[in-house]
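Undergrad: quick check, what structure comes out for this input:
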Amino acid sequence: MKWGQLYAVRSYLRSALWVIPVAAYLASFIVIRILSAIDDALGWSWYWTMEISVVQNVLQGMVAATGTFLVFAFSSLLVAIQVASAQLSPRIIATTLLRDRNIRLIVALFVLTVSFDLGTLVRSQTHVPYLLLTVAIVFAGSSTVAFVYLIDHAARLLRPVSIVWRLGEAGIEVVEQVYPHKIASADRPSRPRPDLSVPMRTVVHNGVSAIVLAVDLDTLVAEAERTGGVIEFTHQIGDFVSVGEPIFLLYGGAASADDDVLQAAIAMGPERTIEQDATFAFRIIVDIAIKALSKAINDPTTAVLAIDQLHRLLRAVGRRHLHDDVVRDTTGNARLVFRTPDWKDFVQLACREIRLYGVENYQISRRMRAMLENLMQILPETRCAALQKELELLDHALERLNLQPDDLDLARVSDFQGLGGATRKRLAS
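TA: Have a look, this model is predicted:
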């Protein structure tokens with residue numbers, strides 16, 4: 001399987017709810033056979049004997065109860081996910097909700113319990129398999145506890161603060177992966193870009209129209225080094241690419257590069273994923289914020305929670321050395337032109353739309369000002385120009401609202417809580 005196809009499969013499996021439960025279902029057959037063999041060999045029994053009919057009734061009751069847990073869990077989760085996606089953003093389903101490990105493991109436990117109890121019931125027609133019965137009771141008890149925990153966990157998971165926090169965690173992880181070097185150790189003048197004029201050859205995208213999910217940079221650099229040329233990837237992670245659209249520009253010796261190798265180094269899919277997409281977490285959090293600011297929902301406090309995470313992400317990005325779009329081989333020769341978002345892209349994505357839809361709300365204007373002023377204090381001076389620009393745009397937007405003088409003064413105060421917090425400046429570590 002090609003790298004791009006393998007990556008797409010792995011990405012799908014990370015957000016597929018059915019994989020672990022199906023694995024648990026298959027594992028139940030193996031466990032039943034092993035424990036049944038051990039039970040037959042040891043002849044293990046309890047201190048008292050049980051009638052076969054009683055055991056069968058108990059097992060049937062446990063199967064019915066666990067099956068009810070399973071049906072209720074799926075039905076309630078589907079409804080909750082639909083409500084959460086409608087209130088927040090549909091992009092949280094694949095990136096956050098379906099990737100929750102606790103939900104997947106609990107559903108797998110339900111499936112395992114139902115399958116194991118049925119297998120035990122089948123084997124209790126002529127005698128009581130006490131070892132299997134004991135394990136079945138343990139599984140049933142665990143499923144009951146897990147069901148109660150699932151209700152609490154799902155209620156906590158679907159809160160806006162939990163969703164945006166998880167997105168912030170995922171965003172920081174991908175930022176550290178895409179931009180591994182901090183400014184303190186890696187902020188040095190970028191080497192000049194290679195002199196690229198007219199490409200020797202153009203490679204177009206084949207297959208189906210889709211979104212760029214990830215790129216295998218090592219393969220592309222190795223292919224460029226093998227041919228002694230330079231490869232330019234014409235898009236960024238997260239771009240939609242149509243069939244027949246140019247996707248690689250080949251310079252110098254790279255004109256002899258293998259098209260199959262180049263195409264295989266790209267993972268394509270129907271929607272953006274978060275693994276290599278440095279701006280996707282920003283995009284989802286901003287979507288949550290502007291939906292909360294819509295007149296139909298009117299929930300500025302959720303938007304403030306979103307700005308909290310954008311503040312956190314911008315602080316992480318601002319302290320990292322962003323790429324100069326040129327990837328070099330071990331000898332320092334330019335081999336690949338691969339564009340990634342720069343600092344201005346991140347700042348504009350985090351601020352512009354939220355300011356456009358929420359500036360008239362005190363919480364938004366005050367929380368955004370606190371974010372910008374705080375970042376200007378703690379980040380390197382090279383990051384301040386873009387932040388200062390957003391601060392000026394915020395002031396201009398407030399002036400156009402024609403607020404009363406007292407209201408305008410209130411809207412121009414920095415407040416980390418949005419409204420109601422102490423008026424102060426704060427330095428973050």
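Undergrad: where does the protein have low pLDDT?
TA: For the chain, the stretches flagged by pLDDT under 70 are 47-48, 184-195, 422-429.
Undergrad: please name every helix or strand in contact with the longest helix anywhere in it.
TA: Longest helix in the chain, counting residues (DSSP state H): helix 52-87. In terms of contacts (3 or more Cβ pairs under 8 Å, 6 or more residues apart in numbering; DSSP states H and E), helix 52-87 is packed against helix 101-122, helix 130-157. For every residue, glycine as well, the C-beta is placed using N, CA and C.
Undergrad: report the buried residues of that helix.
TA: 55, 58-59, 62-63, 65-67, 69-70, 73, 77, 81, 84-85, 87 (16 or more other Cβ atoms under 10 Å).
Undergrad: do stretch 5-16 as well
TA: 7-8, 11, 15-16.
Undergrad: of those, closest to residue 407?
TA: Within those, proximity to residue 407 (Cβ to Cβ) peaks at residue 15, which comes in at 45.0 Å.
Undergrad: ok, back up a step: specify which member of the buried residues of helix 52-87 is nearest to residue 338.
TA: residue 85 (32.5 Å).
Undergrad: who's in contact with the closest residue to residue 2 other than its chain neighbours?
TA: Closest residue in space to residue 2, ignoring its immediate chain neighbours: residue 264 at 3.9 Å, by Cβ to Cβ, 6 or more residues apart in numbering. Residue 264 sits next to 2-5, 216, 219 when contact means Cβ atoms under 8 Å, 6 or more residues apart in numbering.
Undergrad: please enumerate the strands of the protein.
TA: 201-204, 210-215, 229-233, 240-241, 246-252, 266-269, 326-328, 334-338 (DSSP state E).
Undergrad: contacts for stretch 213-225, please.
TA: 3-4, 7-8, 11, 230-231, 233, 237, 254, 257-258, 261-262, 264-269, 272-273, 275-277, 327, 329, 333, 335-336, 338.
Undergrad: whoops, I mixed them up, stretch 235-246
TA: Residues outside stretch 235-246 that contact it (Cβ under 8 Å, 6+ apart): 202-215, 234, 247, 268, 272, 276-280, 339-341.
Undergrad: repeat that for 6 Å
TA: Applying Cβ atoms under 6 Å, 6 or more residues apart in numbering, the contact partners of stretch 235-246 are 202, 204-205, 209, 211-212, 234, 272, 276-277, 339.
Undergrad: got the CA coordinates for that stretch in PDB?
TA: C-alpha atoms of stretch 235-246 as PDB (Å, rounded to 0.1, in the frame of the first residue of the first chain):
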ATOM      1  CA  HIS A 235      -0.300  23.600  -2.400                       C
ATOM      2  CA  GLN A 236      -0.500  23.600   1.400                       C
ATOM      3  CA  ILE A 237      -1.900  21.100   3.800                       C
ATOM      4  CA  GLY A 238      -5.600  21.500   3.900                       C
ATOM      5  CA  ASP A 239      -6.000  22.800   0.300                       C
ATOM      6  CA  PHE A 240      -8.600  21.300  -2.000                       C
ATOM      7  CA  VAL A 241      -7.000  19.900  -5.200                       C
ATOM      8  CA  SER A 242      -9.000  19.100  -8.400                       C
ATOM      9  CA  VAL A 243      -8.200  16.400 -10.800                       C
ATOM     10  CA  GLY A 244      -5.800  17.700 -13.500                       C
ATOM     11  CA  GLU A 245      -4.600  20.600 -11.400                       C
ATOM     12  CA  PRO A 246      -0.800  21.100 -11.100                       C
END
